[in-house]
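Student: everything below, folded, please.
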Amino acid sequence: MVEPRIATLPFGFQEPTKDDFSRVASRLLVMAETEIARRRRSALLMLVPSMAYYLLFAFGVGVLLWSVGVELRPVPMAVVTAVSFLAMAGLGIHYENELDWAGAAGGLGRIHRRLLVQGLAVNLLTGAFFTLPASVLKNLAALFPRRPRVDGDVLALAANLAAALNEPAEIVGPDAIIPRDLKRSAVNEAVVLLLWARVASVIRRTGRVILQPEQRRHVLLSELANKQPFIVYVSALSRNTRQ
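Tutor: Sure thing, here's the model as predicted:
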């Protein structure tokens, strides 16, 4: 396994033994590879339903254009359908981020409140025309997974974040918890590793990125049992920042 090169971080393990750190780092790599394989198998199984939904979407676009008197040749029709589908998928991802961001902030977002007021019918339409296209794109992306590029800095940052992330934390912006002298590429790859290991999830909104813990983080840390070295949590950093 790649040796970590970061001496100290403002969060995470404080003076861990080599065995403590290595177990967390190696388990992250194994969990990530397992999830990549699982997602690829799932994506292959969902490929036919995804394409069937795309054909249904194309049929709906054709019916809509025909109803307003627009007739397109096959090639322009294919382009219009693809662009419409990508636009819907992009809006679906935006809606998902809006709702997830609200959860990380401890409340309901504007989109969520609007959907609750408008009722079940609008919710179903949103799922059919926005969420499903987004799911299809994510499913296709899982067929070609982008693995993290791991080195010592990436492993050290990922292991410390996995240990310290007891509440959502912003990793970009003036209140960033990541040291300024750490390369941005290392931060990005550490986040990718945590995402594939399903230890954390990412919420993006207008250039801001929040990393929030997932249940598998507790599974990962439980392996250390009573041998956990002292850990500085991101919640402690947040309190210090507010003070």
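Student: which strands or helices does the strand or helix carrying Val219 pack on?
Tutor: Per DSSP states H and E, Val219 falls inside helix 215-222. Contacts defined by 3 or more CB pairs under 8 Å, 6 or more residues apart in numbering; DSSP states H and E place helix 215-222 against helix 18-45, helix 152-164. No exception for glycine: its C-beta is placed from N, CA and C like everyone else's.
Student: list the buried residues for it?
Tutor: 216-217, 220-221 (16 or more other CB atoms under 10 Å).
Student: which parts of this structure are helices?
Tutor: 18-45, 47-67, 74-105, 110-118, 120-126, 132-142, 152-164, 184-196, 215-222, 234-242 (DSSP state H).
Student: with mean pLDDT and distance to Val209 added, can I get these in TSV?
Tutor: Below are the helices of the chain laid out as TSV (pLDDT from 0 to 100; distance: least, CB to CB, whole Å):
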stretch	mean pLDDT	distance to Val209
helix 18-45	85	19
helix 47-67	81	28
helix 74-105	74	10
helix 110-118	53	19
helix 120-126	54	24
helix 132-142	78	18
helix 152-164	87	13
helix 184-196	88	8
helix 215-222	82	18
helix 234-242	68	14
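Student: so which of the ones you listed is the most surrounded?
Tutor: Mean neighbours per residue, mean count of other CB atoms under 10 Å, is largest over the helices of the chain for helix 152-164, with a mean of 26.
Student: gap between that one and the chain center?
Tutor: Put simply, helix 152-164 sits 17 Å off its chain's centre (CA atoms, centre = their mean, to the nearest Å).
Student: distance between the ends of stretch 66-78?
Tutor: 14 Å (CA to CA, to the nearest Å).
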